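1. Sharing a model that was predicted from the sequence below.
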Amino acid sequence: MSAETHLHKLGVTIQQARDFINLNIDHPEVVYDTAFVNGVTISMLSEITNYPINVIKEYFASVGLVAEALDDTSILINSDDLRGFESLIAFNNNSGILSTASLREKVQPLIDDDPFFYNLTFDPVIPIQDDDGIYDSEELGVKHLGDIAATNENIESLFYGTLLNIYRTLDETELKQISEINNIEDRDEFKELFANSLASVPTNSIWTDETLADIVVNEAYSLINDFLEDDFVFGVLDHSFLGSSIT
C-alpha cells in the first residue's frame with residue numbers, strides 16, 4: 001500500500017507527515033513510535049521523506065531501534081508471499097472438542113488465570129486497525145478472506161482454524177521431522193519439508209480428534225506465549241509452522 005493511500009485513511013496528507021518528521025528529525029524515537037502506532041512502514045517513510053530505505057534503517061538503528069519491526073503490521077501473518085498456502089488460513093468451523101470454544105477452554109488457563117492476557121493475543125496489532133470495524137487484507141496479511149469484521153472472535157477463529165488445517169496435513173513422521181528441523185532453525189530444509197508435506201495431504205486425517213486437539217492446544221500455548229513475551233512477534237501465526245515456512 002502506498003504512503004498516500006495509507007495516510008488518507010488516517011486523514012493525513014504526505015506533506016503533513018513530512019512536516020511532522022522534519023519537526024522531530026532529532027528525535028528518532030518520536031518518529032518511530034508515531035509510525036508504529038499508525039501502521040506506517042519503512043517503505044512508506046521512504047516515500048514520505050524521499051530518503052532511501054537503508055538511510056531510514058540507519059537513522060533508527062542509531063538509537064537502537066529495529067526499523068524492520070515497522071513492516072510487521074499484519075494481525076495474522078507477515079509475509080510478502082504465502083507460497084500457495086493461503087487455503088490453510090481459514091475460520092474454525094469445527095464442532096465439539098475441536099471447536100474454538102473448546103480449544104479456548106483448554107488454552108486460556110495455561111496462559112494465565114486472568115483471561116486478559118489470552119484475549120490480548122487477538123487484539124489489533126496497532127491501535128487504528130479496528131477503528132472502522134473492518135479488517136482488510138493489508139491488516140490481516142492475507143487477501144483471500146476479503147474484509148472481515150474487526151473482532152477478537154474472528155481472529156481467534158482464524159488462529160485455531162489455521163492450526164487445525166496445518167496439523168491435518170502432517171502425519172506423525174512428518175510432524176517429528178519438521179519439529180526437529182524447526183528447533184535447529186535450518187530454514188531451507190524446513191521449508192522444503194513443509195512444502196512436500198502439503199503435496200501429500202492424506203485423504204483422511206490420521207489423527208483422532210482428541211489427539212489433534214491436544215496437538216493444537218500445545219501449539220497454541222507456545223505461540224501465544226511467544227506473542228506475549230517477544231516484542232518482535234506481531235502476527236499470531238508468524239511463529240507457526242506456516243509462518244516459519246514463508247519467511
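-> That came in fine, so what should we check first? Residues are numbered from 1 along each chain as shown.
2. can you pull out the strands in this structure?
-> With strands called from DSSP state E, the chain shows them at 134-135, 148-149.
3. Please enumerate the helices of this protein.
-> 3-10, 14-23, 28-37, 42-49, 53-61, 100-111, 115-120, 137-140, 152-168, 172-184, 187-199, 209-229, 241-245 (DSSP state H).
4. among the strands of the chain, which is nearest V233?
-> strand 134-135 (18.3 Å; Cβ to Cβ). Where C-beta positions appear, they are placed from N, C-alpha and C, glycine not excepted.
5. what sits up against the closest one?
-> Outside strand 134-135, the residues that touch it by Cβ atoms under 8 Å, 6 or more residues apart in numbering are 75, 129, 147-150, 154-155.
6. Just give me the closest of those residues to S244.
-> Closest to S244, out of all of the contacts of strand 134-135 and judged by Cβ to Cβ, is I75, at 17.8 Å.
7. thinking again about what came up before, okay if I get the strands of the chain as CSV plus mean neighbour count, distance to I246 and mean pLDDT?
-> Formatted as CSV, those follow (neighbours: other Cβ atoms under 10 Å; distance: least, Cβ to Cβ, whole Å; pLDDT from 0 to 100):
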stretch, mean neighbour count, distance to I246, mean pLDDT
strand 134-135, 19, 20, 96
strand 148-149, 14, 21, 98
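8. Among these, which comes closest to A90?
-> strand 148-149 (11.7 Å).
9. Tell me which other helices or strands the closest one touches.
-> strand 134-135 (3 or more Cβ pairs under 8 Å, 6 or more residues apart in numbering; DSSP states H and E).
10. What are the phi and psi values at L76?
-> Backbone dihedrals for L76, given as degrees, to the nearest 10, come out at phi -90, psi -60.
11. Which residues are in contact with it?
-> 89, 140-142, 155, 158-159, 162, 235-237.
12. re the thing from before, format the strands of the chain as TSV; extra columns: distance to D226.
-> As requested, the strands of the chain are arranged in TSV below (distance: least, Cβ to Cβ, whole Å):
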stretch	distance to D226
strand 134-135	21
strand 148-149	24
